[in-house]
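Student: any chance you can model this:
(one chain, ligands or ions: 1)
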Amino acid sequence: MSKIAVIGTGYVGLTTSIGLASLGHKVIGYDLDPAKVEMLQAGQLPIHEPGLGEILTAGIESGNLQITSVLSEAVSEADFVFTCVPTPQDEDGSADLSYVISASAAMKEFLKPGAVVVTKSTVPVGSARVVEDAIGRSDVEVASNPEFLREGAAVHDFNHPDRIVVGARSTEVAQKVMDLYSKIDCPKILTSQATAELIKYASNSFLAIKLSYVNDIAALCEAVGADSQEVLHGMGLDTRIGNRFLEPGPGWGGSCFPKDAKALESIASNFGVGLPLITSAIASNEAAHKRVADRVTDALGGSLSGKTIAVLGLTFKANTDDTRESPAIAVIEHLVRGGAKVVAYDPMVTKYELAGLSLADSAVAAASGADALVVLTEWPVFRTVDSAEILQAMTGNVVVDTRRVLDQAKWQAAGAVFPNSSSRAV
Ligand SMILES: NC(=O)c1ccc[n+]([C@@H]2O[C@H](COP(=O)([O-])OP(=O)(O)OC[C@H]3O[C@@H](n4cnc5c(N)ncnc54)[C@H](O)[C@@H]3O)[C@@H](O)[C@H]2O)c1
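Tutor: Down below sits the predicted model:
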């Protein structure tokens with residue numbers, strides 16, 4: 001079993017720390033944020049991630065997992081140091097490496113000879129060299145081990161990944177990192193640093209393109225009166241296409257797809273390669289957000305001025321508390337720009353600062369006095385809200401369900417009107 005330090009205990013770092021401890025390694029997680037460290041030391045999760053709390057407690061109790069706010073304590077004994085810090089989008093769309101560089105520079109004096117620094121943050125091609133330069137030690141190796149977890153299913157994805165990718169200058173170093181996952185049974189790829197870095201961006205951008213295509217096809221279904229669910233089901237039965245990731249919605253978002261698609265565009269342009277599909281997917285996604293707002297506007301007679309819109313869901317998808325780059329927020333911004341007042345309910349969000357948006361503590365409270373109701377996140381709990389009670393609380397009866405979570409027939413029977421929703425073709 002190895003001694004491991006994990007730098008950054010956010011969605012990825014925390015899952016990595018706790019996951020590696022559950023495999024039997026001795027792990028010390030480190031974060032700059034003292035409030036986060038304090039919570040974790042007390043066995044509390046600072047994020048919502050199903051199943052993670054239980055293994056956090058198990059990790060601490062077994063003695064395999066510690067959390068510290070002292071960098072030297074985390075790093076000085078470690079054989080491997082995983083970097084899981086943010087790589088946000090820079091103003092020009094490229095990935096901002098400043099967190100990765102400062103974390104690498106800060107740890108260099110504490111690393112023991114022979115340590116391997118493993119980048120888990122999503123970083124552009126060539127970043128391994130940047131990390132090597134920031135560390136500046138010939139007795140330390142640098143590897144790339146991109147993370148593919150999905151928020152909301154992070155624990156499952158740690159234990160049952162579709163693949164694990166490790167890139168390093170030498171196969172020997174890559175294999176040493178891969179051996180940390182010896183208890184996990186899945187396809188394992190040992191490769192170069194650049195290939196590992198690109199596998200991550202190419203995968204996320206492909207998924208973004210797929211979702212944009214799905215949303216465009218759903219819009220076409222609506223225009224021609226075809227049933228988008230049946231069309232997408234029929235497509236997904238083709239094994240070359242596959243039936244996953246074929247759900248239409250209000251657009252894609254989250255902390256990864258938008259920034260990773262932009263970053264790949266930027267990487268390609270630096271190398272003189274055009275990636276027009278990604279550019280189109282980004283434009284299609286922005287159109288998807290606006291399409292939802294337009295549908296609400298049209299259903300309310302062409303103007304949102306003075307209207308109140310109830311929104312169900314703010315997170316970028318269900319089973320997370322993450323609102324970063326959420327399509328729900330993008331749609332709400334359109335609604336507010338159009339003159340509406342928005343009242344939203346989300347089971348995991350109690351605070352969000354946006355002019356024109358206020359939060360309610362239940363679906364019924366959000367619906368009170370609303371002219372229209374818009375579902376923007378596929379929280380399972382929305383399936384069971386009482387349609388009659390909600391419609392009674394509303395002033396209007398327009399319902400736009402971008403995630404198809406509501407039982408449309410039941411809602412229609414209770415008096416709801418679903419504008420423009422794609423209907424079964426006749
Ligand atoms: N969130 C995801 O679903 C996901 C999936 C795959 C890959 N990634 C990638 O993983 C990386 C981390 O993403 P995240 O969502 O976990 O971010 P996050 O914002 O949730 O967590 C980052 C953590 O790093 C800490 N931090 C920042 N600088 C630090 C430093 N110098 N030393 C110690 N701690 C520091 C922050 O306080 C924070 O707790 C990003 O590159 C992201 O693109 C994220």
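Student: element containing the nearest residue in space to Ser255 that is not next to it in sequence?
Tutor: Of all residues beyond its chain neighbours, the one nearest Ser255 is Arg324 (4.1 Å), with distances taken as Cβ to Cβ, 6 or more residues apart in numbering. To be clear about C-beta, it is placed using only N, CA and C from the backbone, and glycine gets the same treatment. Under the criterion of DSSP states H and E, Arg324 resides outside all helices and strands.
Student: so Arg324 touches Phe257, yeah?
Tutor: No. Distance between Arg324 and Phe257: 10.6 Å, which falls outside the contact criterion (Cβ atoms under 8 Å).
Student: read off the pLDDT value for the residue nearest to Ser255.
Tutor: Turning to Arg324, the model gives it a pLDDT of 96.
Student: could you pull up the residues touching it?
Tutor: Residues counted as contacts of Arg324 (Cβ atoms under 8 Å, 6 or more residues apart in numbering) are Gly253, Gly254, Ser255, Phe316.
Student: need phi/psi at the first one.
Tutor: Looking back up the chat, that one is Gly253. Backbone torsions for Gly253, taken as degrees, to the nearest 10, come to phi -160, psi -150.
Student: tally of neighbours for Arg150?
Tutor: Burial of Arg150, expressed as a neighbour count using other Cβ atoms under 10 Å, amounts to 14.
Student: contacting residues around it?
Tutor: The contact partners of Arg150, by Cβ under 8 Å, 6+ apart, come to Asp157.
Student: assign a three-state SS to it, would you?
Tutor: Under DSSP: H, G, I helix; E, B strand; the rest coil, the three-state class of Arg150 is coil.
Student: how close does it get to Val12?
Tutor: Between Arg150 and Val12 the computed distance is 11 Å (Cβ to Cβ, to the nearest Å).
Student: for Pro258, same thing?
Tutor: Computed as Cβ to Cβ, the Pro258 to Val12 distance reads 17 Å.
Student: I'd guessed Val336 sits against Leu357; true?
Tutor: Yes. In this structure, Val336 sits in contact with Leu357. The criterion is Cβ under 8 Å, and the distance is 6.6 Å.
Student: mind listing the strands for the stretch 301-426 of the chain?
Tutor: In the stretch 301-426 of the chain, the strands defined using DSSP state E, counting those that start in this stretch lie at 308-312, 341-345, 357-359, 372-375, 398-401.
Student: oh, that last question was meant for the stretch 101-250 of the chain, not what I typed.
Tutor: Under DSSP E, counting those that start in this stretch, the stretch 101-250 of the chain gives strands at 116-119, 141-144, 164-168, 188-191.
Student: and those: which comes nearest the ligand?
Tutor: The ligand lies closest, by Cβ to the nearest ligand atom, to one member of the strands of the stretch 101-250 of the chain: strand 116-119, at 8.8 Å.
Student: return the list of helices and strands in contact with that closest one.
Tutor: If contacts are counted by 3 or more Cβ pairs under 8 Å, 6 or more residues apart in numbering; DSSP states H and E, strand 116-119 sits against strand 80-83, helix 98-107, helix 127-135, strand 141-144, helix 171-179.
Student: from the chain's centre, how far out does it sit?
Tutor: Relative to the centre of its chain, strand 116-119 is centred 23 Å away, using Cα atoms, centre = their mean, to the nearest Å.
Student: and stretch 391-400, average pLDDT?
Tutor: So the average pLDDT for stretch 391-400 ends up being 98.
Student: going by neighbour count, list what's buried in that stretch.
Tutor: Within stretch 391-400, the residues that qualify as buried by neighbour count (16 or more other Cβ atoms under 10 Å) are Leu391, Ala393, Met394, Gly396, Asn397, Val398, Val399, Val400.
Student: check the residues you listed and tell me the two furthest apart.
Tutor: Comparing all pairs in these by Cβ to Cβ, the longest separation belongs to Ala393 and Val400, at 16.8 Å.
Student: these two touch, right, Ile28 and Ala74?
Tutor: Yes. The pair Ile28 / Ala74 is scored as a contact, 4.3 Å apart, by Cβ under 8 Å.
Student: any common contacting residues for the two?
Tutor: When contacts are counted by Cβ under 8 Å, 6+ apart, Ile28 and Ala74 are jointly contacted by Ala5, Val6, Thr68.
Student: elements contacting the strand or helix carrying Ala281?
Tutor: Secondary structure assignment for Ala281, by DSSP H and E: helix 276-299. Using 3+ Cβ pairs under 8 Å, 6+ apart as the contact definition, the elements that helix 276-299 packs against are helix 193-224, helix 257-270, helix 327-337, strand 372-375, strand 398-401.
Student: make it 6 Å
Tutor: Using 3 or more Cβ pairs under 6 Å, 6 or more residues apart in numbering; DSSP states H and E as the contact criterion, the neighbours of helix 276-299 among helices and strands are helix 193-224, helix 257-270, helix 327-337, strand 398-401.
Student: quick check: the residue of this structure nearest the ligand.
Tutor: Proximity to the ligand, evaluated over the chain using Cβ to the nearest ligand atom, is greatest for Gly10 at 1.7 Å.
Student: how many neighbours does that residue have?
Tutor: Other residues near Gly10 come to 19 when the count uses other Cβ under 10 Å.
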